[in-house]
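1. Build the 3D model from these lines:
(chains A and B)
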Amino acid sequence: MPAEIERLYDAHAQSLYAFLLNFTRDENDTRDLLQEIFIKLAREPKLLSGVRDERAFFIRLAHNSAIDLIRRRGTRERTKENFAAEMISPFAPANEPDEEVFRDQLSEALGRLPEEQRAVLHLKLWEGLTFEQIAGALGISPNTAASRYRYGLDKLRERLRPLYEEIK
Amino acid sequence: MNEFEKKLSQQPLKQIPAEWRAEIIACASSQSNRTRSQTSRMPVLRILHEFFWPNPKAWAGLAAVWIFIFALNVSVRDKSPAVAEKASPPSPEALVQLKQQREMFAQLIGANEPRVADRQKIISPKPRSEWAEMKTV
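-> Model prediction:
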């Protein structure tokens, strides 16, 4: 089993890390959730039997874990406003100042989106999944995935337009 | 995908810290070993788990049926003594009425004459020769 865990980690940990970091905006939470996922699989290796799309399966696990965490925390710790203000960026640091500003703005704009829209945007833009794959991973319909993507993208465009037009 | 979407998707995401790999894999592996040792320590539980696991709902349903039958059985068994205990003793009026009926019945069938059973008691066991004497007297 350790060899299998290593294989799974090497195959999926990076994309799960990015997804969870974009979702939680907290390194410690991301690490805890990631560890929780791999412990769960180590305890119950049968969970993977019969799984056709490992990536979708992992994303679903990660999404459910992140939702559970956010519900546990709920309103007691964060409101949307201070969440966006204190969040950690999911993006790598940029070399150019303009790009750095754009990434910061993008990170903040993403952080202000509802979680369900942010999840769909992340999977579409940075994982390159189709709406069908996103729907399968998140347990929603492809139409719902597509509409969440459109709404989320419109909000990002609206918030980032001035900066985007400037650096384009 | 339009220009804006392309621009967004080109933004590189952070890399997972390299040191996490060893820590998370070690933690998950230790959990895996612990689970394995627990199951190997309790072979009975493992066998039971393997036996019941394929159709847990079916086994649960069967158990529920057995519990229902048991409960039904207990409730039926409980009722009969309860009815006997709850039955009230006959009232004095009823006893008096019963006594009157007995007396009336006795009068009707001729209570003055000794009953067959009593007559047999009167005749003491004696040899047949003495019986004959009694008859002649």
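
2. Please spell out which residues along the helix or strand containing residue A:102 are buried.
-> Using DSSP states H and E, residue A:102 falls within helix A:97-111. Buried positions in helix A:97-111, judged by neighbour count with 16 or more other CB atoms under 10 Å in any protein chain shown: A:99, A:102, A:103, A:105, A:106, A:107, A:109, A:110, A:111. (Each C-beta comes from the backbone N, C-alpha and C, glycine too.)

3. residues from chain A in reach of chain B?
-> A:1-2, A:5-6, A:9, A:13-14, A:17-18, A:21-22, A:31, A:34-35, A:38-39, A:41-43, A:45, A:89-92, A:102-103, A:106, A:125-126, A:128, A:153, A:156-157, A:164, A:168 (CB under 8 Å from any CB of the partner chain).

4. So which of the residues you listed sit within strands?
-> Among the residues of chain A next to chain B, DSSP state E puts none in strands.

5. Which ones among those lie within helices?
-> A:2, A:5-6, A:9, A:13-14, A:17-18, A:21-22, A:31, A:34-35, A:38-39, A:41-43, A:102-103, A:106, A:125, A:153, A:156-157, A:164 (DSSP state H).

6. If any of the residues of chain A next to chain B are buried, put those into a PyMOL selection.
-> Entered in PyMOL, the line below selects the buried ones among the residues of chain A next to chain B, by 16+ other CB under 10 Å:
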select buried, chain A and resi 1+5+9+13+17+18+21+22+31+34+35+38+39+41+42+43+89+90+91+102+103+106+125+126+153+156+164
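
7. in the chain, which helix or strand is least confident?
-> In the absence of a named chain, chain A is used. Ranking every helix and strand in chain A by mean pLDDT, DSSP states H and E puts helix A:80-86 at the bottom, with a mean of 53.

8. meant chain B actually
-> Min over SSEs of chain B, mean pLDDT, DSSP H and E: helix B:116-122 (a mean of 55).

9. roughly how far apart are the nearest residue to residue A:20 once chain neighbours are set aside and residue B:60?
-> The shortest distance from residue A:20 to any non-neighbouring residue, by CB to CB, 6 or more residues apart in numbering or on different chains, is to residue A:30 (4.4 Å). Distance of residue A:30 to residue B:60, given as CB to CB, to the nearest Å: 38 Å.

10. And the two? Which one has more around it.
-> residue A:30 (28 against 11; other CB atoms under 10 Å in any protein chain shown).

11. how close does the more buried one get to residue B:11?
-> 18 Å.
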